[in-house]
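Engineer: starting from these lines, generate the structure:
(chains A and B)
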Amino acid sequence: TQLLEQSPQFLSIQEGENLTVYCNSSSVFSSLQWYRQEPGEGPVLLVTVVTGGEVKKLKRLTFQFGDARKDSSLHITAAQPGDTGLYLCAVAVTSGTYKYIFGTGTRLKVLA
Amino acid sequence: EAQVTQNPRYLITVTGKKLTVTCSQNMNHEYMSWYRQDPGLGLRQIYYSMNVEVTDKGDVPEGYKVSRKEKRNFPLILESPSPNQTSLYFCASSHHQQGRTYEQYFGPGTRLTVT
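Structural biologist: Predicted coordinates for the structure are as follows:
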């Protein structure tokens, strides 16, 4: 069951450009997480958003949780080569279970 | 150092030969989980465990077994591996409290090839 759709799937940009990555669903979630995965490593948590409309900033990364808690976006300002990686959104499905669902990911490459 | 360890990191095996991938965490986490990662499909949860002796199926449990006899260990067992189980596997752990979402800490991954 793919509850989370991420777009775009691939993104190649020049250093200094801005970009936005989206994570969409038709379901409502109590919280949503963003992870970044670098080649040869496991994903690492960037942020958890829990309130509809919430905006969180992590240096040049801005995360927003949709008002209806069905979607989220990640905006990177002035991308750098160090931002290269796979960005994954994830939610916990907690009704009668405690599964985690991950989006298919956005693979970002920032060229120097 | 707080970490999740997996072994082996790389494994090439043949169809039908039983194998076990070990996972251990030193953070006293209640929740442990196994995922597989395939191109175009993202991370998919195989099994998870909310505490010792409590395990449950994720989205893709067919062909896999797990056990949680101790809090720190959560091995993944493939009784009769098949080529469609060729994948990159990750173990993860986190704290667990119903109604809350915690950070998952991932191991370094195990790349499995079944021929």
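
Engineer: who in chain A is up against chain B?
Structural biologist: Those residues of chain A that sit near chain B, judged by C-beta under 8 Å from any C-beta of the partner chain, are A:1, A:30-31, A:33, A:40-45, A:48, A:50, A:88, A:90, A:92, A:94, A:97-105. C-beta here means a position set from N, CA and C on the backbone, and glycine is covered the same way.

Engineer: list buried residues within those.
Structural biologist: A:31, A:33, A:42-43, A:45, A:48, A:88, A:90, A:92, A:94, A:98-105 (16 or more other C-beta atoms under 10 Å in any protein chain shown).

Engineer: these in helices, which ones?
Structural biologist: Using DSSP state H, no member of these falls within helices.

Engineer: so where do the helices sit in chain A?
Structural biologist: Using DSSP H, helices in chain A do not occur.

Engineer: most remote residue from it's center?
Structural biologist: Of all residues in chain A, A:Gly96 has its C-alpha farthest from the mean position, at 25.4 Å, by C-alpha atoms, centre = their mean.

Engineer: and residue 8, how many neighbours?
Structural biologist: Chain wasn't specified; assuming chain A. 12 (other C-beta atoms under 10 Å in any protein chain shown).

Engineer: look at chain B instead
Structural biologist: Considering only other C-beta under 10 Å, B:Pro8 is surrounded by 12 other residues.

Engineer: how about A:Leu108?
Structural biologist: 21.

Engineer: any idea what the residue nearest the centre of chain B is bridged to?
Structural biologist: Closest to where the C-alpha atoms of chain B average out (C-alpha atoms, centre = their mean) is B:Trp34, at 2.5 Å. Beta-bridge pairing of B:Trp34 under DSSP bridges involves B:Tyr47, B:Cys91.

Engineer: who's in contact with it?
Structural biologist: Going by C-beta atoms under 8 Å, 6 or more residues apart in numbering or on different chains, B:Trp34 touches B:23, B:45-48, B:58, B:64, B:66, B:74, B:76, B:89-92.

Engineer: before we move on, what about A:Phe10?
Structural biologist: A:Thr106, A:Arg107, A:Lys109.

Engineer: ok, the second one touching A:Ser7?
Structural biologist: Think A:Arg107. No: if you go by C-beta atoms under 8 Å, A:Arg107 and A:Ser7 don't touch, sitting 11.8 Å apart.

Engineer: do you know the pLDDT at A:Gln2?
Structural biologist: A:Gln2 is assigned a predicted lDDT (pLDDT) of 56.

Engineer: one more: B:Ala2?
Structural biologist: 85.

Engineer: report the separation between it and B:Asn26.
Structural biologist: To B:Asn26, B:Ala2 is 6 Å away according to C-beta to C-beta, to the nearest Å.

Engineer: now swap in B:Glu79 and tell me
Structural biologist: Taken as C-beta to C-beta, the span from B:Glu79 to B:Asn26 is 28 Å.

Engineer: and if you look at A:Phe65?
Structural biologist: From A:Phe65 to B:Asn26 the distance is 32 Å (C-beta to C-beta).

Engineer: now swap in A:Val44 and tell me
Structural biologist: From A:Val44 across to B:Asn26, the span is 17 Å (C-beta to C-beta).

Engineer: out of the buried ones among the residues of chain A next to chain B, list just those in strands.
Structural biologist: A:Gln33, A:Leu45, A:Thr48, A:Leu88, A:Ala90, A:Ala92, A:Lys99, A:Tyr100, A:Ile101, A:Phe102 (DSSP state E).

Engineer: just the closest of the residues you listed to A:Val21, please.
Structural biologist: For those, the minimum distance to A:Val21 (C-beta to C-beta) is 9.9 Å, reached by A:Leu88.
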